[in-house]
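K.L.:
Sequence and predicted structure below; questions after.
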Amino acid sequence: LNLAAEPGETAGFSVERHIHVLAQHAPGFSVHDIIVDSARVPSERERDQLRRTATILDAHVEFADVSRPGTP
């Protein structure tokens, strides 16, 4: 997933929504691991929602610090 939203494409998408759109766009879409920037999904509630989405796709979610402070 993008670290920075693409204007007109993914702006305003949650991580969960981004995954759903990918899966709808490509029915054969397969993912095994999802790495999410910890700063982008800070609340435990959002993380739980994302874990549920990943489970539906039979994927594993890892939250990590992947962006550099001060960059989009």
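P.N.:
Okay, I see it. Numbers count the residues shown, from 1 in each chain.
K.L.:
Now the phi/psi pair for Gly36, please.
P.N.:
Check again: residue 36 is Val, not Gly. phi -120, psi 130 (degrees, to the nearest 10).
K.L.:
no, scratch that, I was asking about Glu46
P.N.:
Phi and psi for Glu46, reported as degrees, to the nearest 10, are phi -70, psi -40.
K.L.:
residues in contact with the residue nearest in space to the middle of the chain?
P.N.:
With distances taken as C-alpha atoms, centre = their mean, the residue of the chain nearest its centroid is Val15 (3.1 Å). Going by C-beta atoms under 8 Å, 6 or more residues apart in numbering, Val15 touches 1, 34, 36, 40-41, 46, 50. Quick note: C-beta positions are derived from backbone N, CA and C, even for glycine.
K.L.:
Out of the residues you listed, which one has the lowest pLDDT?
P.N.:
The weakest per-residue confidence within the contacts of Val15 falls on Leu1 (53).
K.L.:
can you pull the buried residues of the helix or strand of the chain with the lowest mean pLDDT?
P.N.:
Ranked by mean pLDDT, DSSP states H and E, the weakest helix or strand in the chain is helix 15-25, scoring a mean of 78. Applying a neighbour-count criterion of 16 or more other C-beta atoms under 10 Å, one finds 15-16, 18-19, 23 buried in helix 15-25.
K.L.:
how about that helix as PDB, C-alpha atoms only?
P.N.:
The C-alpha trace of helix 15-25 is given here as PDB (Å, rounded to 0.1, in the frame of the first residue of the first chain):
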ATOM      1  CA  VAL A  15      -5.800   0.900   4.900                       C
ATOM      2  CA  GLU A  16      -8.700  -1.500   5.200                       C
ATOM      3  CA  ARG A  17     -10.600   0.200   2.300                       C
ATOM      4  CA  HIS A  18      -7.400   0.200   0.200                       C
ATOM      5  CA  ILE A  19      -7.200  -3.600   0.600                       C
ATOM      6  CA  HIS A  20     -11.000  -4.100  -0.200                       C
ATOM      7  CA  VAL A  21     -10.700  -2.000  -3.400                       C
ATOM      8  CA  LEU A  22      -7.600  -4.100  -4.500                       C
ATOM      9  CA  ALA A  23      -9.500  -7.300  -3.900                       C
ATOM     10  CA  GLN A  24     -12.600  -6.100  -5.800                       C
ATOM     11  CA  HIS A  25     -10.500  -4.800  -8.700                       C
END
